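Student: Here's my sequence, what's the structure:
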Amino acid sequence: MVRGQFFRRVIHLANLPLRMLLPSSQTHIKEICFKTIPSASKIEIKRVLESVYGLEVAKVNTLNMDGKRRRLPGGWLLKKPDYKKAYVVLRNPISLPDNLFPFNWLKEQEKAAADEKKLPKRGRRKENGAS
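Tutor: Below you'll find the predicted structure:
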C-alpha cells in the first residue's frame, strides 16, 4: 500500500454544501468567498471546487464564524448555526454571468422607485377654487 493513498480521505460531495457570497464585481474575480459547514477542511473545499466546478484553486483560507445571537423578550436567546467561511484564491481570474446575481434587477427597481417620486400626481384639483 502506498503511504499517500492511506491518508487520503474520501469526499462525499453531497455532504459539503458551498454557498458563494456576493462578490464586489462580476468581472476579473481572483478571490471568491464561500460559506460552508464547520466540519469542512481546506482540502475538501479545494477538491470539490476543482472536480465539480472546474476551477483552478491556488490557495484556500478558512475561518470559523459563530452564529449570530438575538435576545427575545422574556429572556429567550435565539442563535443561528455556526458556519465556516472559505476564501478561495484562484489561479486564473473568472467572470460571472450576468444572471447569477440580480444586480441589474435591483438597480432597475431603485430607478423605478426614484422616477415615481419625481412624477407629479395626476387628477388632483387645486384647493383654492381654481380648476
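Student: In the protein, which residue is most central in space?
Tutor: Central residue of the chain (Cα atoms, centre = their mean): L21, 1.7 Å from the mean position.
Student: phi, psi of A112?
Tutor: Backbone torsions of A112, given as degrees, to the nearest 10, read phi -60, psi -40.
Student: one step back: how deep is the closest residue to the residue nearest to the centre of the chain other than its chain neighbours tucked in, by neighbour count?
Tutor: Spatially, and ignoring its direct neighbours in sequence, L21 is nearest to C33 (4.4 Å; Cβ to Cβ, 6 or more residues apart in numbering). All C-beta atoms are positioned from the backbone trio N, CA, C, and that covers glycine. C33 has 15 neighbours, counted by other Cβ atoms under 10 Å.
Student: so who does C33 touch?
Tutor: By Cβ atoms under 8 Å, 6 or more residues apart in numbering, the contact set of C33 is M20, L21, P23, K85, A86, Y87, V88.
Student: of those residues, the lowest pLDDT goes to which?
Tutor: Note: of those, the lowest pLDDT belongs to P23, at 80.
Student: Where does that one sit, in terms of helix or strand?
Tutor: Using DSSP states H and E, P23 falls within no helix or strand.
Student: Any idea how many residues pack against it?
Tutor: For P23, using other Cβ under 10 Å, the count is 15.
Student: buried residues in stretch 85-104?
Tutor: The neighbour-count check on stretch 85-104 (16 or more other Cβ atoms under 10 Å) flags A86, V88, L90 as buried.
Student: Sitting in helices, which of the residues you listed do you find?
Tutor: Nothing among the buried residues of stretch 85-104 maps onto helices, per DSSP state H.
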